[in-house]
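> below are the sequence and a predicted model for it; my questions follow.
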Amino acid sequence: MINFDEQTIIRNYAYIYDKRREIETIADDLCAKGFDLLFFTSSGGSMAMMQPFEHYINVYSRIPTDSQISADFLLTGCNRLTDRSVAFMTSKSGNTKETIACAKKLKEMGVRIVSVCGVENSELAALSDYTFTYLDGRPQELVFYFIVGKILYHQGYFPEYEEFADNLKDLGAALAKVRIACDDKCKDYAEKYCREPYHIWIGSGDLWPNAYSYSMCVLEESLWIRTKSVSSAEFFHGTLELVEKDVPVTLIMGEGVTRSQDERVKHFVEPLTDKFTCFDTCDYELEGIKDEYRKYLSPVVMSAILQRIGKNMEVITGHSLDIRRYYRKSEY
């Protein structure tokens, strides 16, 4: 396998897991002080990474939530926010322009800020009431499994949280094995479709953010591949008309409550194009994870799979994932 180091993956996972209790104290304190709204806001892929957790809160609890892209919040505000609200924010660099401006506005409103950053001593961390720095730790979602899971536990919606979190101890090793198991399929996919002029990517529920962010942040931003992302729920309200025999359509399927939407898409699309691919988290074993908890883990399993597509495309095309023409290269 190219660009793959199993021990590094396990070590990076352990970096976050070993700080589980430290991370959980954020949730403990938030619940002890109380809140009236959990608000998710950031930019780009960082925002997408948090969106499955808003989805879980909405599906499995009655806790009020809201979310906005930071650039939108700066113009429209959110009239549900009060000085008892909590905002979750993420930034790999810790200095994303719109995210920082949003944090400053939230701070002025008295909203408590919980940030997850990729570097120490960042501008976003300095504006936050609570912060966790993951450095090389991966996946970042693990931080939110601990914070959001513990909040749901305290609020009476997730009594199994402690067992769930214990189950996650060896998830890093399981995700490394997922990468190994899927690599042949991902390499074949990369070879077949890396030079196609147009792609359609589809997902639903807690995997819609994966479909959206992978299309935008990897295929478009990093590999310059023209891609349309659409949710399974919305696919039949327009995008279906663009499916033809030679159009690549990629469906990502998880194990959550919206899986039937994906199955509907699959049954419709599969006979119509010779270039249909489905990546399904059900196809991969997660050693050490109880079956009843798999429904919460589709985003990190799918991210492991999709990473192997990008790594293979990078080598096959000779186009480094680090190349940018405009992003953080020019004024906009």
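Structure's in. What do you need? Numbering: from 1, shown residues only.
> isn't S61 right next to Y153, touching?
No. Using C-beta atoms under 8 Å as the test, S61 is too far from Y153 to be in contact (10.6 Å). Any C-beta I mention is one placed from the backbone N, CA and C, and that applies to glycine too.
> of the two, which one has the most company?
Higher neighbour count among S61 and Y153: Y153, with 20 against 17, using other C-beta atoms under 10 Å.
> identify the residue spatially nearest to the more buried one, adjacent ones excluded.
Spatial nearest neighbour of Y153, excluding adjacent residues (C-beta to C-beta, 6 or more residues apart in numbering): Y161 at 3.7 Å.
> residues touching the one you found, list them.
149-150, 152-153 (C-beta atoms under 8 Å, 6 or more residues apart in numbering).
> now, which of those sits nearest V178?
G149 (21.0 Å; C-beta to C-beta).
> so where's the stretch 1-150 of the chain shaky on pLDDT?
Within the stretch 1-150 of the chain, no stretch falls below the threshold (pLDDT under 70).
> do a quick rundown of the helices in this protein.
Under the criterion DSSP state H, the chain carries helices at the ranges 6-17, 20-33, 44-60, 70-76, 97-109, 123-127, 141-154, 161-167, 171-193, 208-213, 232-235, 259-269, 298-317.
> domains in this structure, by residue range?
Here the domain parsing of the chain from automatic domain parsing is 6-159, 170-317.
> turn the ones you listed into a markdown table, columns for distance to S330.
What follows is the domains of the chain, written out as a markdown table (distance: least, C-beta to C-beta, whole Å):
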| stretch | distance to S330 |
| --- | --- |
| domain 6-159 | 13 |
| domain 170-317 | 14 |
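> the spatially closest residue to M109 that is not a sequence neighbour: neighbour count?
Distances taken as C-beta to C-beta, 6+ apart place L81 nearest to M109, at 6.1 Å, with adjacent residues excluded. Counted with other C-beta under 10 Å, the neighbours of L81 add up to 22.
> separation between the most centrally placed residue in the chain and D188?
With distances taken as C-alpha atoms, centre = their mean, M49 lies nearest the centre of the chain, 2.9 Å away. Separation of M49 from D188 (C-beta to C-beta, to the nearest Å) stands at 27 Å.
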